[in-house]
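Colleague: based on what follows, work out the 3D shape:
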Amino acid sequence: MLTGIITGTMGEISNGAVDSAKEAISLCITMLGVVGMWSGVMKIAERAGLVEVWADKAGPVISFLFPRLPKDSPARKYIAVNFIANILGLGWAATPAGLKAMEELGKLEEERGNYTAGQEGMTASNEMCTFLIINISSLQLIPINMIAYRSEYGSVNPGMIIAPGFAATLASTIAAVLFCWLMNISRRSV
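Modeller: So this is what the prediction gives:
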């Protein structure tokens, strides 16, 4: 605004601010629809039992990534749901399962006697760190959000991002898995 006052372009700055506000509202409405639809699809899959089936199928992967996580831990289901939602490009739908997974991993650490609930200065467990790193790498088969953004901004082919998005997130997930594996090996040798 100071530059606008100095250069005498305050009118253009005001118009730009109004146009940006309109665009932000339009984008929010579009994304609300996309998130609502895909969260609903995920809820339908959960109620139909598909999430349980997918979580069972993800069991070997979860056992590989979290070797110290007990087979009966409720965190396994939440981790699987989070991974599935991320793979389908439903990052916002993945968040509740991710929070519940971290909560369950915290309870597991409490059961192991590594900390007490509410204790300040708690150190994250290997499982917590691994979950966070894999979650951030976020392997995505269908980047729904990017497709929605590209569609909103007039892309001729919004789905063209699928192959490059998959390649990039596959590379980041492989790097994350390798990092976690190396860290787990180094912690065991110490």
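
Colleague: measure the nearest residue to V35 once chain neighbours are set aside to K100 for me?
Modeller: Spatially, and ignoring its direct neighbours in sequence, V35 is nearest to W92 (5.0 Å; C-beta to C-beta, 6 or more residues apart in numbering). C-beta: built from backbone N, CA, C; applies to glycine. W92 sits 15 Å away from K100, going by C-beta to C-beta, to the nearest Å.

Colleague: off-centre distance for stretch 165-176?
Modeller: 13 Å (C-alpha atoms, centre = their mean, to the nearest Å).

Colleague: same question for stretch 75-94.
Modeller: How far stretch 75-94 lies from its chain's middle: 7 Å, per C-alpha atoms, centre = their mean.

Colleague: show me what whichever strand or helix holds V34 is packed up against.
Modeller: Per DSSP states H and E: V34 is located in helix 10-47. Packing contacts for helix 10-47, counted by 3 or more C-beta pairs under 8 Å, 6 or more residues apart in numbering; DSSP states H and E, involve helix 2-7, helix 50-57, helix 91-111, helix 144-152.

Colleague: repeat the analysis, applying 6 Å as the threshold.
Modeller: helix 91-111, helix 144-152 (3 or more C-beta pairs under 6 Å, 6 or more residues apart in numbering; DSSP states H and E).

Colleague: mind checking the pLDDT average for that helix?
Modeller: Averaged over helix 10-47, pLDDT sits at 81.

Colleague: what does stretch 84-95 give?
Modeller: What stretch 84-95 shows for mean pLDDT is 80.

Colleague: my read: S39 touches T95, true?
Modeller: No: using C-beta atoms under 6 Å, S39 is not in contact with T95; the gap is 10.2 Å.

Colleague: now G89: how far from F166?
Modeller: In terms of C-beta to C-beta, G89 sits 10 Å off from F166.

Colleague: for the two, indicate the residue with more neighbours.
Modeller: G89 (26 against 17; other C-beta atoms under 10 Å).

Colleague: so which helix or strand takes in that one?
Modeller: G89 belongs to no helix or strand when elements are defined using DSSP H and E.

Colleague: residue contacts, it?
Modeller: Q140, I142, P143, I144 (C-beta atoms under 6 Å, 6 or more residues apart in numbering).
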